[in-house]
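Undergrad: Sharing a sequence plus its predicted fold:
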Amino acid sequence: MNSLPLRLLVLGRGKTGALVAEVARERGHQVQSIDADVNQNAAWLTPEHLGNVDVAIDFTAPDAVLANIEACVRAHKAMIVGTTGWYSELDRVRQAVEQAGTAFVFGANFSYGVNLFFRIAQAAAPALAHNYRGHITERHHIHKKDAPSGTAAALQRLLEQSGGERLEITSEREGDVTGTHTLELVSSGDRIVLTHEAKSRRTFAEGAVLAAEWIAGKKGFYDFKNIFNQL
């Protein structure tokens, strides 16, 4: 992992973006934060502005992230993307990153604990072939823009790949809930419930900064859930 101070550009000054900048500064990195009002349609992300950036970290919104990705790829800048809601374009983005020879890490969730939760859920997935019915429930704050959450959608894909069944997702929006994800597996004889509850957005921010340190100097297209145990 790169331990040298990095020059990081944080896209998005929302609650998670602000924490990413805070954590990065605590870890000794130089940080510049850009808000949506000066970067509409990625207008701020010019080669001149990106010239001294080592890694860009995006925690913006689904309607902004693709333009940000395209601008950073054109500038051959490494990028960490924690924004969700754009995965229908995943193959196109992967191809662009690989053609540009740059570096990219995306994640439905940058929490170490959530990615452990994914591993546990994957181990439980064979139950779906043994007369268990499954369901996913996710709860978030009322300001979350995508539903279902990217984390729930990632869990759904993982279980479909490992258990052969596509589970339904129930999305709930309430107050300032940081994020709770529950997988329920039910048979005629018992019930298994796996839950991850985030207590603070800081866990997402720490994972994103660690990913930026990891990706600096590398090339390639990575899903955070496949590299988190290297951080």
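TA: Thanks, I have the structure now. All values reported here derive from a predicted model rather than from experimental measurement. Numbering: from 1, shown residues only.
Undergrad: Tell me which helix or strand C72 sits in.
TA: helix 62-74 (DSSP states H and E).
Undergrad: can you give me how far that helix is from the chain middle?
TA: 15 Å (C-alpha atoms, centre = their mean, to the nearest Å).
Undergrad: and that helix, what other elements does it pack with?
TA: helix 47-50, strand 55-58, strand 78-81, helix 90-100 (3 or more C-beta pairs under 8 Å, 6 or more residues apart in numbering; DSSP states H and E). All C-beta spots, glycine's among them, are computed from the backbone N, C-alpha and C.
Undergrad: how does it look with 6 Å?
TA: In this structure, helix 62-74 makes packing contacts with strand 55-58, helix 90-100, judged by 3 or more C-beta pairs under 6 Å, 6 or more residues apart in numbering; DSSP states H and E.
Undergrad: taking the mean pLDDT, what do you get for that helix?
TA: Averaged across helix 62-74, pLDDT comes to 96.
Undergrad: Pull out the buried positions in that helix.
TA: 64-69, 71-74 (16 or more other C-beta atoms under 10 Å).
Undergrad: got a list of contacts for that helix?
TA: 11, 41-42, 45, 56, 58, 79, 83, 85-86, 93, 96-97, 100, 102, 146 (C-beta atoms under 6 Å, 6 or more residues apart in numbering).
Undergrad: In these, find the pair that's most separated.
TA: Largest separation among those by C-beta to C-beta: A100 and D146, giving 26.5 Å.
Undergrad: if we can go back for a sec, can you lay out the helices and strands packed on helix 62-74 as a markdown table showing distance to P5?
TA: Shown next, in a markdown table, are the helices and strands packed on helix 62-74 (distance: least, C-beta to C-beta, whole Å):
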| stretch | distance to P5 |
| --- | --- |
| strand 55-58 | 12 |
| helix 90-100 | 25 |
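Undergrad: if you compare those, which one is most tucked away?
TA: With neighbours taken as mean count of other C-beta atoms under 10 Å, the helices and strands packed on helix 62-74 reach their highest mean count in strand 55-58, at a mean of 26.
Undergrad: which residues sit against it?
TA: Under C-beta under 6 Å, 6+ apart, the answer for strand 55-58 is 6, 8-11, 20, 65, 68, 72, 77-81, 83, 208, 212, 216.
Undergrad: before we move on, which element is L158 in?
TA: helix 150-163.
Undergrad: Please point out which parts of that helix sit buried.
TA: Here helix 150-163 shows 150-156, 158-159, 162-163 as buried, counting by 16+ other C-beta under 10 Å.
Undergrad: Now it: average pLDDT?
TA: Taken as a whole, helix 150-163 carries a mean pLDDT of 94.
Undergrad: the inter-axis angle of that helix versus helix 62-74?
TA: Between helix 150-163 and helix 62-74, the angle comes out at 80 degrees (axes from the mean of the first three to the mean of the last three C-alpha atoms, to 10 degrees).
Undergrad: Give me the helices and strands touching helix 150-163, please.
TA: Going by 3+ C-beta pairs under 6 Å, 6+ apart, helix 150-163 lies up against helix 112-124, strand 133-140.
Undergrad: okay, the following helix or strand past it in PDB with CA atoms only?
TA: Going down the chain from helix 150-163, the next helix or strand is strand 168-173, by DSSP H and E. The C-alpha trace of strand 168-173 is given here as PDB (Å, rounded to 0.1, in the frame of the first residue of the first chain):
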ATOM      1  CA  GLU A 168     -36.500  -9.600  -3.700                       C
ATOM      2  CA  ILE A 169     -35.400  -6.400  -1.900                       C
ATOM      3  CA  THR A 170     -37.500  -4.200   0.400                       C
ATOM      4  CA  SER A 171     -36.300  -0.600   0.700                       C
ATOM      5  CA  GLU A 172     -37.200   1.500   3.700                       C
ATOM      6  CA  ARG A 173     -36.400   5.200   4.200                       C
END
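Undergrad: Fine by me, we can end here.
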